[in-house]
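Chemist: sequence first, predicted model second:
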Amino acid sequence: MDCTHKTDSMKNTININPLENEAIYIFREVAAQFERPVLLFSGGKDSITLVRLAQKAFYPAKIPFPLMHIDTGHNFPETIEFRDRLVEELGLELIVRNVQDSIDEGKVREESGKYASRNVLQTTTLLDAIEEFKFDACIGGARRDEEKARAKERIFSVRDDFGQWDEKNQRPELFDMLNGQIELGQNVRVFPISNWTELDVWSYIQKEQIEIPSIYFAHTRATFLRDGLIWSAEDAVVYREDDEEVQEREVRFRTVGDMSCTAAVLSDASDISSVVQEIRESTISERGARIDDKRSEAAMEKRKQQGYF
């Protein structure tokens with residue numbers, strides 16, 4: 001990336017768009033209202049966008065809180081490599097906590113079978129990390145357009161002592177007034193890009209010339225079909241039946257979750273401009289490729305009630 005462009009982008013906060021302005025305001029409110037915030041960072045496009053917004057919010061100072069990744073052990077290698085490189089380049093503190101440790105300690109049980117995933121298991125690891133570091137605000141990249149349970153989410157989403165979300169016990173958010181007052185033991189999940197759409201995120205990445213993992217762009221990959229979705233056959237954690245035929249296809253990933261629950265889409269979009277155009281023409285949500293959201297109509301809502309971010 002052109003370092004001159006990045007520096008100019010940090011300084012130029014006069015002609016920013018309303019969504020960016022709102023996100024920067026939210027970041028500054030978090031820093032002002034909470035004692036121990038953390039940015040939940042997965043290496044995906046949304047959390048990468050959050051890092052850029054946080055840089056702008058506090059420029060020329062460094063981001064004043066750590067990043068934390070709950071590593072399921074099922075992440076795409078491209079994402080982990082990008083995560084480590086970005087953190088090193090920016091000189092940020094990264095906390096990593098592993099779901100495998102929670103499994104080894106007997107706190108959660110590994111799923112088995114065709115649709116096994118560690119996505120649900122990471123909730124326990126996340127809650128343990130929040131307790132370990134006494135974080136009172138966890139900043140995440142969830143957006144209201146992703147899923148219907150997200151549409152009910154507040155920007156400051158209060159969670160109880162057990163990390164659980166109660167939709168009936170959320171505060172009104174009038175205009176730009178954000179209430180971060182919490183009781184001992186509670187914490188808040190903060191969503192600075194809650195009002196953004198997938199297209200808003202991609203357009204911002206294009207405008208800011210933000211580097212993202214290569215997995216978001218079209219590439220040739222060994223894949224197989226199941227339930228009308230395209231799964232990677234290159235990764236040992238993805239369950240495949242013997243009769244599920246492997247073929248090379250040109251694909252990309254619209255969302256980067258665990259390899260075991262994230263399907264690819266056919267695509268020839270090999271650069272940011274073609275990805276943006278593809279998103280403009282798409283009629284389905286990016287979460288349509290996440291099998292963990294299809295376990296039931298209320299899958300996401302149930303995970304949030306259990307403490308999922």
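Modeler: All right, it came through fine.
Chemist: from now on I want contacts and neighbour counts done on CA atoms only, so please keep to that.
Modeler: Fine.
Chemist: give me the number of residues near residue 113?
Modeler: 8 (other C-alpha atoms under 10 Å).
Chemist: for it, helix, strand, or coil?
Modeler: coil (DSSP: H, G, I helix; E, B strand; the rest coil).
Chemist: I'd say it and residue 239 touch.
Modeler: Yes. With contact defined as C-alpha atoms under 8 Å, residue 113 reaches residue 239; the gap is 7.5 Å.
Chemist: quick one: mean pLDDT for the lengthiest strand in the chain?
Modeler: In the chain, assigned by DSSP state E, the strand with the most residues is strand 219-226. Strand 219-226 comes out with an average pLDDT of 95.
Chemist: isn't residue 265 up against residue 254?
Modeler: Yes. Counting by C-alpha under 8 Å, residue 265 touches residue 254, with 7.3 Å between them.
Chemist: neighbour count: these two, which is higher?
Modeler: Taking neighbours as other C-alpha under 10 Å, residue 265 and residue 254 compare with residue 254 leading, 25 against 18.
Chemist: the more buried one against residue 262, yeah?
Modeler: No. Between residue 254 and residue 262 there is no contact, the gap being 9.2 Å when judged by C-alpha under 8 Å.
Chemist: only the buried residues of the helix or strand encompassing residue 84, if you could.
Modeler: Assessed by DSSP states H and E, residue 84 sits inside helix 77-90. Buried positions in helix 77-90, judged by neighbour count with 16 or more other C-alpha atoms under 10 Å: 79, 80, 82, 83, 86.
Chemist: what of stretch 100-117?
Modeler: Buried residues in stretch 100-117 (16+ other C-alpha under 10 Å): 100, 102, 103, 108, 116, 117.
Chemist: measure it end to end?
Modeler: Stretch 100-117 has an end-to-end distance of 12 Å (C-alpha to C-alpha, to the nearest Å).
Chemist: what is the mean pLDDT for it?
Modeler: Across stretch 100-117, pLDDT averages out at 89.
Chemist: now do stretch 141-151
Modeler: Here stretch 141-151 scores 79 as its mean pLDDT.
Chemist: now it - C-alpha only, CSV.
Modeler: Output of stretch 141-151 as CSV, limited to C-alpha atoms (Å, rounded to 0.1, in the frame of the first residue of the first chain):
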residue,chain,number,x,y,z
GLY,A,141,-17.8,-5.5,13.2
ALA,A,142,-21.3,-6.8,13.1
ARG,A,143,-23.8,-5.0,10.9
ARG,A,144,-27.6,-4.8,10.9
ASP,A,145,-27.9,-5.8,7.3
GLU,A,146,-26.2,-9.2,7.9
GLU,A,147,-29.0,-11.1,9.6
LYS,A,148,-32.4,-10.4,11.2
ALA,A,149,-31.1,-10.8,14.8
ARG,A,150,-28.5,-8.2,14.1
ALA,A,151,-31.1,-5.8,12.9
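Chemist: pull the distance from that stretch to the chain's centre.
Modeler: Put simply, stretch 141-151 sits 11 Å off its chain's centre (C-alpha atoms, centre = their mean, to the nearest Å).
Chemist: kindly report the same for stretch 26-39.
Modeler: With C-alpha atoms, centre = their mean as the basis, stretch 26-39 stands 18 Å off its chain's centre.
Chemist: flag every buried residue along it.
Modeler: For stretch 26-39, a neighbour-count test (16+ other C-alpha under 10 Å) marks 26, 27, 30, 31, 34, 36, 37, 38, 39 as buried.
Chemist: quick check: the fourth one touching residue 39?
Modeler: If I follow you right, that is residue 31. No. Applying C-alpha under 8 Å, one finds residue 31 not in contact with residue 39, separated by 11.4 Å.
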